[in-house]
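[1] With the sequence up front, the predicted model follows.
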Amino acid sequence: IFFFLLPFRELLQSFSFAMDGLINTVNKLQDAFTLLGYDPLSLPQICVVGSQSSGKSSVLENVVGKDFLPRGSGIVTRRPLVIQLINSPDLTEDCAEFLHRPGEIMTDFSQVKREIEAVTDQETGTNKGISDKSINLKVYSSRVLNLTLVDLPGITRVPVGDQPKDIEKLIRNMVFRYIRQKNAIILAVTAANTDLANSDALQIAHEVDPDGIRTLGVITKLDIVDRGTHCLSELEGNVIPLRLGYIGVVNRSQADIDERKRIEAQWAAEKEFFTTHPQYAKIADRCGTPYLARQLNKLLVAHIRECLPEIVSKINTFIAEKKAELKDLEVVDELHQKQKVVLRAVTKFSTQFAELLDGNGDVSGDKLFGGAKVAEIFEVTLPTALSTIDLKEQITDNELKTTIRNATGLRSGLFIPVESFEALVKKGVRQLEPPARKCVQLVFEELVSIMATIVTPEMKRFVKLSGGMQDTVRRLLHSCLEPTLHFVHDLIEMETCRINTAHPDFIGSKCAVSSLMAQVARELGLDGDSELAATRSKPEPTRNAPPPPPPPKDPKDSKDLKDTKEADKDKDKDKDKEKEAEKEKDEELKGAGVASPVPQRKTPRGKAGKTPAPFQPQAAHATQSLPGDTMSIKDRLEIEVIRKLLVSYFDVVRKKIADSVPKAITYFLVHKAVTEVHDSLVSDLYKDDQLDRLLDEGQDVVVLRKGIRDVLKLMEQSLTAINEVRVSDMNAL
């Protein structure tokens, strides 16, 4: 039987060595990822959590066998400390090495403590601040088991010194970042004199591991509980069960620390405590620091074996990504290689520029960008800006009246002149130009913003190439900006050059004007058609004019009464005929829009030099003013009519500008930039005499290339080590 078991024992020993080597491989990966600043693999590790004064630091020192952790009041551990224990059988003296000081071996562990304090203060300050940037420490010893522990800051509730008010939340968030990873084993440390149900460590572990599958409980300070009490029920998992169970330990007291009691002596005192205690004696073989270290080693090894398939898959993916990245960073020496790099960068840039405008790029984010932002400028920003221009409110009654009078000149106008209408329309239309120009500027700025966000791998690598491409695109956009602004200006001028009163959306048509005047008359309170006719027929009299002379006496008045009556009858008949003729003329003038300022020029005089009077005015109403108003009814009527006509025509032009400006910007600026960006970049950058300057690498790129090669080498070595462990595992089975 002995000879049969010997090979099997050797195989198990070989497997154990292989697994220990795997832990060392994981440690190397952890160091590499610490230098990179991220962990893409979520490597298996043991995270130590607990509240202040729970004995967490003492547990770690007992496992390591050295007094090396800072101590004091308040928060002592203020940065994550990654402790890698490496078993070195041939080592005669324990030593340590920090990742940030490679090659510097420390045998004095008080120096290790000072270094931890120094780098912590350097990162967080001296006022108890915290940081999630880890400190990596390797400890080499012949007495330790291969193990990796992460000491996290103790959970606190009250800020100390200059700590932020939400220090508890900050620490909890940091702890969560480590323990929420499913490959992390949680070592929850709780003092025996604390109710297990109120343990901060168990509570925070329960939030990420509710079933207690990957949480190992540690109960400290069992030697200082009240006399007559014990924690046997808690250690056996009867209070809060955990899949991995609980382990009790006894640490050095503060007096022991002050007296510099050796940790080896504490191990002996701890063993004696458990073996002689009336309650703990029966579980003494499952308590104590040595047992805790062995269990942690077994758990870590088993956990790594469990995670091997996932680790291998992630390593292969990581290697593929880094090889692709290294290919983009390949050394460019030959002329054809340089030309290829420039063309590739230009093509990628042009494609991304067009995609961002078409909506085919990255659509994530909390705000509009690219083509969507340009569309918002066209559909929301511009119409909103144009709608804020209220021509009705801007032109006062006095301005309207003055413009009408200025347009009539020396002669008193019978109707509202078209010149006053056109002058006011042009003034309003020109107010549409500033919002239109602002729209052009906003689209230009968005195109510049799109250009600035595009970064190809070649642009990251070659800073001068990136700068040259951005300068070229910026010049192209500026060259498109000026023609766009000129065309927008021309659009406004086109609208002022010809006032199209025949536009179907304008209310100044022949029939509409008559209805409009009647509507305005009703709004002004004029009584019937007679008052409206009176305002149309007679111009406003000149101020201080002498009263009209009395009509001459009729010579027929000397005849007798009978002849007079007969003549009166004839007159009445003639008047009826004249009224019928006047009525026909009135209908003709209404149909021709005489009352409108738009289609009529100044009324021409007849052959006799007299102005025809289509209506028989009631002179009493021609200069009558509305109550409380200094203007005559004629003035009010003209002002209100022309105001409505102005607003109507201005709305027509505003709609045209809101439609034409986006089209002009799209054609002259956006479309031209998209179609010409590739040719402009090639024309400016694809020149043999500029390639060396554009493709000059910075020193940071050289360092990055070397770092990627080193990481790839480490990954390939890790895969080899993992495969060896898997082969050993298969042989053991």
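    Done, it's in.

[2] Quick one: mean pLDDT for the one helix or strand residue 639 maps to?
    Assigned by DSSP states H and E, residue 639 belongs to helix 633-665. Taken as a whole, helix 633-665 has a mean pLDDT of 83.

[3] Same question for stretch 105-120.
    91.

[4] Near the closest residue to residue 463 other than its chain neighbours, how many other residues are there?
    Spatial nearest neighbour of residue 463, chain neighbours left out: residue 698 (6.0 Å); criterion: CB to CB, 6 or more residues apart in numbering. The way it works is simple: take the backbone N, C-alpha and C, and place the C-beta from them, glycine included. For residue 698, the count of nearby residues is 12 (other CB atoms under 10 Å).

[5] Residue 698 and residue 705: what is the separation?
    As for residue 698, its distance to residue 705 is 11 Å (criterion: CB to CB, to the nearest Å).

[6] Next: residue 507.
    From residue 507 to residue 705 the distance is 73 Å (CB to CB).

[7] who touches residue 485 in this structure?
    437, 440 (CB atoms under 8 Å, 6 or more residues apart in numbering).

[8] so what pLDDT did it get?
    95.

[9] picking that back up, on the C-terminal side of the helix holding residue 639, identify the next helix or strand.
    Assigned by DSSP H and E, the successor of helix 633-665 is helix 672-685.

[10] Would you mark the buried spots in whatever helix or strand comes next after that next one?
    Using DSSP H and E, the helix or strand that follows helix 672-685 in sequence is helix 688-694. Using 16 or more other CB atoms under 10 Å as the test for burial, helix 688-694 gives 690-691, 694.

[11] which SS class is residue 30?
    helix (DSSP: H, G, I helix; E, B strand; the rest coil).

[12] Now do the same contact list for the closest residue to it other than its chain neighbours.
    The shortest distance from residue 30 to any non-neighbouring residue, by CB to CB, 6+ apart, is to residue 43 (5.5 Å). Residue 43 makes contacts with 26, 29-30, 33, 183, 311, as judged by CB under 8 Å, 6+ apart.

[13] Count the residues that sit near residue 679.
    Residue 679, neighbours per other CB under 10 Å, totals 12.

[14] Give me the helix or strand of the protein that scores worst on average pLDDT.
    Taking mean pLDDT, DSSP states H and E as the measure, the chain has helix 619-622 as its least confident helix or strand, at a mean of 36.

[15] low-scoring stretches of the stretch 501-650 of the chain, by residue?
    508-632, 634-635 (pLDDT under 70).

[16] Quick check: which ranges of the stretch 151-300 of the chain have low pLDDT?
    Short version for the stretch 151-300 of the chain, where the test is pLDDT under 70: 160-163.

[17] And the helices in it?
    For the stretch 151-300 of the chain, applying DSSP state H, counting those that start in this stretch gives helices covering 167-179, 200-208, 232-235, 254-258, 263-276, 289-328.

[18] can you put those in CSV and add distance to residue 494 and mean neighbour count?
    Output for those, formatted as CSV (distance: least, CB to CB, whole Å; neighbours: other CB atoms under 10 Å):
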stretch, distance to residue 494, mean neighbour count
helix 167-179, 62, 18
helix 200-208, 69, 20
helix 232-235, 89, 17
helix 254-258, 91, 12
helix 263-276, 93, 16
helix 289-328, 52, 16
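
[19] count of residues packed around the residue lying closest to residue 491 once chain neighbours are set aside?
    Excluding the flanking residues, the one nearest residue 491 by CB to CB, 6+ apart is residue 660, at 5.5 Å. If you count neighbours by other CB under 10 Å, residue 660 ends up with 17.

[20] quick one: residue 660 and residue 494 touch, right?
    No - under the criterion of CB atoms under 8 Å, residue 660 makes no contact with residue 494, lying 9.3 Å away.

[21] ok, back up a step: ok, the residue nearest to residue 491 to residue 495 distance?
    Per CB to CB, residue 660 is found 9 Å from residue 495.

[22] now do residue 439
    Distance from residue 439 to residue 495, by CB to CB: 16 Å.

[23] ditto for residue 234
    Taken as CB to CB, the span from residue 234 to residue 495 is 88 Å.

[24] Tell me who's in contact with the residue nearest to residue 293 when sequence neighbours are not counted.
    Spatially, and ignoring its direct neighbours in sequence, residue 293 is nearest to residue 63 (5.0 Å; CB to CB, 6+ apart). Neighbouring residues of residue 63 by CB under 8 Å, 6+ apart: 85, 144, 147, 149, 289, 292-293, 296.

[25] Share the number of residues neighbouring residue 245, please.
    Neighbours around residue 245, by other CB under 10 Å: 15.

[26] Kindly report the same for residue 671.
    So residue 671, with other CB under 10 Å, has 13 neighbours.

[27] got it, and the one 4 residues further on?
    Close neighbours of residue 675, defined as other CB under 10 Å, add up to 11.

[28] for residue 718, same thing?
    21.

[29] Also residue 87?
    17.
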